[in-house]
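[1] Would you be able to build a 3D model of this:
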Amino acid sequence: MTSRSQKSFEMRVQVEAALAEYMHAIASDRLEEWPSYFIETGRYRVMTRENRDQNLPLCLMICEGHGMMHDRIIALRTANIFEPHVYCHIPGALRITENTLTSVSSESTFVVMRTMSDGATSIFACGRSFDHFVKKDDGLKIADRLVVLDSRQIDTLLVIPI
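    Okay, the predicted model is just below:
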């Protein structure tokens, strides 16, 4: 393996590890940790494929910065009324789309299974995520995460981050 392909492989492993930690925190209901996967001014958005394909900016969920992310989790814990459920992320094909000295971008596919409190499990969402990471001394931090859902229909409140 050449030095360049070795570095590319190592960066891919780092991106996969960062996304795995992110997904496990959500699956383990450690939602208060969610903002820590982002830089302070990080942005998180969920939109439909239809809106993205038409360059329409409407998002189903958007959080800009740690403050909004923390507020989202506080609302989820104290104000939102929804049937308890958990997510299981099933990551798919990942590719590095850009890799510079200070950042890395990736695109990946995913499926999110949702299990309700009665034990019923269904596919909640599938699509692609577009992640832009900043390289920090302590690892990769998300600067921008765009989740693009294949479907424009959400059968229940989108309350837990994807």
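[2] longest helix in this structure, by residue count?
    Looking across the chain with DSSP state H, the single longest helix is helix 3-27.
[3] got a list of what the most centrally placed residue in the chain touches?
    The residue lying closest to the centre of the chain (CA atoms, centre = their mean) is Ile162, at 5.0 Å. Residues in contact with Ile162 (CB atoms under 8 Å, 6 or more residues apart in numbering) are Ile26, Val46, Tyr87, His89, Phe110, Val112, Ala125, Ser129, Val147. C-beta: built from backbone N, CA, C; applies to glycine.
[4] quick one: least confident of those residues?
    The lowest pLDDT within these belongs to Tyr87, with 89.
[5] Correct me if wrong: it contacts Ile26.
    Yes: at 5.9 Å, Tyr87 and Ile26 qualify as touching, with contact defined as CB atoms under 8 Å.
[6] any common contacting residues for those two?
    Ile160, Ile162.
[7] Just want to check the distance between the nearest residue to Ser103 once chain neighbours are set aside and Leu101.
    Setting aside the residues directly before and after it, Ser103 is nearest to Val134 in space (CB to CB, 6 or more residues apart in numbering), at 5.3 Å. For Val134, the distance to Leu101 equals 11 Å [CB to CB, to the nearest Å].
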